[in-house]
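1. show me the folded form of this:
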Amino acid sequence: MREVRVSLVRSDDLSYSVLIGRGLLGEVLADAQRLHPRRRVFLLTDANVRAAGHVAALTGDRPVAEYVIDPPGEVSKHIGTVTEIVEAMESLKFGRDSLLVALGGGTVGDIGGFAAAIFKRGVPYVQVPTTTVAQADSSVGGKVGVDSRLSKNAYGVFKQPARVYVDVATLATLDDRAYRAGLVESVKHAMIADPAYFEYLETHLDALLARDPAALESVAERNVTIKARVVEQDVEEQGARRVLNYGHTVGHAVESASGYRLLHGEALALGILAAARIAEEVCRADESVRRRSGVLLGKLGMPAKLPPEINAGALLEIMSRDKKALEARPRFVLLDRLGHAREENGEYVRAVAPGVLAKALAELEG
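-> Here you go, the predicted structure:
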């Protein structure tokens, strides 16, 4: 087992460990309750995770109260689902002695963390991510929330997990489309922080696509380490942490405009290509950033063009409501080279001239 420590030492110590390995599910409940003794466990999962057998692997023969999100995915990531979870916990007489266990992908983790943050003014929770995107990114760092009818993550808080358990064996049951799309977050981490890691992804892609356990553990450890070091600098996204939003300004807009028919990683891939193109105009970034990332994303099977039903005008409207926008103008994280985000006056996001943004979006349409 590998362990990465997320050290968030403040007046209220929010530090926690991320445990990485194979076959961890059966140990989660006992370990989590050693961490938080005398707490009642409430399990949050979704229908896909239950069907894959992960709930049975986690609970064994132990009866555990649970809520199953159905339908799974972004379509259920709204405040109504959170209300149902809170009321389910209340109906079973759960109180402030609760421990919420979020078993599933990024949607389950986001909903679970948000529910834990608001239930009885806050109870601890642990993340047990079962998808490539959740194991790479969303399970670490404490950004949790749900969508409004207009945009992603409009309701949100910072709520750090008490512990994260990354069992790479769970990825064996993930369908190929979701598995590949989730690896885009790994590409993003390499692009913003570690050129050597980017090269590792290029040279070990066959092993990753074959779901080689050793490669998956190595990637998980690299992802968590990059995410942890960034979050440690900036817990509540006031500065340095914004670099983790690379590709997400356009990516989130594409995801929303598609009605969530595109997976997060598929939309993010388009966002990365747009950000790389913008950086060539704004930062004089080397063309190799866009070329190499485009090749790697293409080998993952990610789209390089927008679906025909999505146009640049719709994306601009959605981006005007992006949480990073100022005065309705979207802002971007830009790289001037692999592994290095452009920083100006302590800021990692910057507004982009409308003409430059329009040109990048037009290339995605073309």
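
2. the worst-scoring helix or strand of the chain on mean pLDDT: how far from the chain's middle?
-> None of the helices or strands of the chain scores lower by mean pLDDT, DSSP states H and E than strand 350-351, at a mean of 84. Put simply, strand 350-351 sits 23 Å off its chain's centre (C-alpha atoms, centre = their mean, to the nearest Å).

3. list the strands paired with it, with their directions.
-> The sheet places strand 350-351 alongside strand 331-332 (antiparallel), with pairing taken from DSSP bridges.

4. following the partner strand, which helix or strand comes up?
-> Using DSSP states H and E, the helix or strand that follows strand 331-332 in sequence is strand 335-337.

5. contacts for that following strand?
-> For strand 335-337, the surrounding residues in contact (C-beta atoms under 8 Å, 6 or more residues apart in numbering) are 191-192, 246, 275-276, 279, 283-286, 289, 341-342. Using the backbone N, CA and C atoms, a C-beta is placed for each residue, glycine as well.

6. can you show me the CA trace of the longest helix along the chain as CSV?
-> Counting residues, the longest helix found in the chain (DSSP state H) is helix 213-233. Written as CSV, here are the backbone C-alpha positions of helix 213-233 (Å, rounded to 0.1, in the frame of the first residue of the first chain):
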residue,chain,number,x,y,z
PRO,A,213,-2.3,-2.6,-11.9
ALA,A,214,1.3,-1.5,-11.3
ALA,A,215,0.9,1.3,-13.9
LEU,A,216,-2.4,2.4,-12.3
GLU,A,217,-0.9,2.6,-8.8
SER,A,218,2.0,4.6,-10.1
VAL,A,219,-0.3,7.0,-11.9
ALA,A,220,-2.6,7.3,-8.9
GLU,A,221,0.3,8.2,-6.6
ARG,A,222,1.7,10.8,-9.1
ASN,A,223,-1.8,12.4,-9.5
VAL,A,224,-2.5,12.5,-5.7
THR,A,225,1.0,13.9,-5.0
ILE,A,226,0.6,16.7,-7.6
LYS,A,227,-2.9,17.5,-6.3
ALA,A,228,-1.9,17.4,-2.7
ARG,A,229,1.1,19.8,-3.1
VAL,A,230,-1.1,22.3,-4.9
VAL,A,231,-3.9,22.1,-2.4
GLU,A,232,-1.5,22.5,0.5
GLN,A,233,-0.4,25.9,-0.9
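
7. after that helix, next one along is what?
-> helix 248-257.

8. show me what that following helix is packed against.
-> Packing partners of helix 248-257 (3 or more C-beta pairs under 8 Å, 6 or more residues apart in numbering; DSSP states H and E): helix 264-282, helix 312-319, helix 354-365.

9. what's the burial count for residue 23?
-> 13 (other C-beta atoms under 10 Å).

10. relative to residue 61, how far out is it?
-> 17 Å (C-beta to C-beta, to the nearest Å).

11. and of the contacts of strand 335-337, the nearest to residue 254?
-> residue 275 (12.2 Å; C-beta to C-beta).

12. let me see the contact set for the nearest residue to that closest one once chain neighbours are set aside.
-> Excluding the flanking residues, the one nearest residue 275 by C-beta to C-beta, 6 or more residues apart in numbering is residue 247, at 5.2 Å. If you count contacts by C-beta under 8 Å, 6+ apart, residue 247 has them with 188, 268, 269, 271, 272, 274, 275, 333.

13. if you rank the residues you listed by neighbours, which is first?
-> residue 269 (31 neighbours).

14. after the strand or helix carrying residue 200, which helix or strand is next?
-> Using DSSP H and E, residue 200 maps to helix 195-203. Counting by DSSP H and E, the next helix or strand C-terminal to helix 195-203 is helix 205-209.

15. what lies in contact with the least confident helix or strand of the chain?
-> 282, 326, 329, 330, 331, 332, 334, 342, 344.

16. residue 166 in helix, strand or coil?
-> strand (DSSP: H, G, I helix; E, B strand; the rest coil).

17. could I get the pLDDT score of it?
-> For residue 166, the model assigns a pLDDT of 98.

18. run a quick neighbour tally on it.
-> Residues contacting residue 166 under the criterion other C-beta under 10 Å number 30.

19. hey, what's it bridged with?
-> With DSSP bridges as the rule, residue 166 is bridged to residue 20.

20. for it, give its distance to residue 229.
-> Remark: distance between residue 166 and residue 229 (C-beta to C-beta) = 17 Å.

21. how about the nearest residue to residue 119 once chain neighbours are set aside, what does it touch?
-> Take residue 119 and drop its neighbours on the chain: the residue closest to it by C-beta to C-beta, 6+ apart is residue 86, 5.5 Å away. Neighbour list for residue 86: 115, 118, 119 [criterion: C-beta under 8 Å, 6+ apart].
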